[in-house]
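J.: using only what follows, build the 3D model:
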Amino acid sequence: MEKVKVALGLVIIVFAIVMAFSFKSSLSPYHSVSYVVEKGEVRDVQVNGTIVPNSTIYLENNTRIFELTDGKTKMKVIYTGILSNYQEGIPAVVRGDYYNGCFHATEVLLKCPSKYEVMEKNYSAVK
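T.: The predicted model follows:
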């Protein structure tokens, strides 16, 4: 009976270690635009920034090219897909790979523009 408890305990520990490593490998870290551009090539990464006003180019097949900035550096982003509330000048997170001087996004997460408009109006009223 004692051997069964020890074996079961070891199985649980090994399972927990395997799950922890597989969970860690599925995460992609958040980085700034400056960090990614400085690295030159980064795979499976999420980048925080703001969509640069007047930077969007619309192409066929729901493809768009736009710039993302962290206030210091700009990065060209290419994304193919439908974005329902896309607006320039709002915060966004892009996920994908950066190589050849361009970020190839597999996912674009847009922040709610109305939330930031309300915050900006409230901030302006305080000044």
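
J.: state the pLDDT value of the most centrally placed residue in the chain.
T.: Centroid-nearest residue in the chain: residue 46, 2.9 Å away (criterion: Cα atoms, centre = their mean). Note on residue 46: pLDDT of 93.

J.: element containing it, please.
T.: Per DSSP states H and E, residue 46 falls inside strand 42-51.

J.: how near is the closest residue to residue 80 other than its chain neighbours to residue 82?
T.: Excluding the flanking residues, the one nearest residue 80 by Cβ to Cβ, 6 or more residues apart in numbering is residue 63, at 4.4 Å. In this view, the C-beta of every residue, glycine as well, is placed from N, C-alpha and C. For residue 63, the distance to residue 82 equals 11 Å [Cβ to Cβ, to the nearest Å].

J.: repeat for residue 64
T.: In terms of Cβ to Cβ, residue 64 sits 10 Å off from residue 82.

J.: for residue 69, same thing?
T.: Separation of residue 69 from residue 82 (Cβ to Cβ): 23 Å.

J.: what does residue 108 give?
T.: For residue 108, the distance to residue 82 - Cβ to Cβ - is 10 Å.

J.: for residue 112, same thing?
T.: 17 Å.

J.: what of residue 1?
T.: The value you get for residue 1 to residue 82, if Cβ to Cβ is used, is 60 Å.

J.: which of residue 112 and residue 82 has more neighbours?
T.: Shown here are residue 112 and residue 82; by other Cβ atoms under 10 Å, residue 112 has more neighbours (11 against 6).

J.: is it true that that one touches residue 87?
T.: No: judged on Cβ atoms under 8 Å, residue 112 makes no contact with residue 87 at a distance of 10.2 Å.

J.: check contacts around the closest residue to residue 65 other than its chain neighbours.
T.: Nearest residue to residue 65, sequence neighbours excluded (Cβ to Cβ, 6+ apart): residue 57, at 4.5 Å. Contacts for residue 57 (Cβ atoms under 8 Å, 6 or more residues apart in numbering) come out as 64-66.
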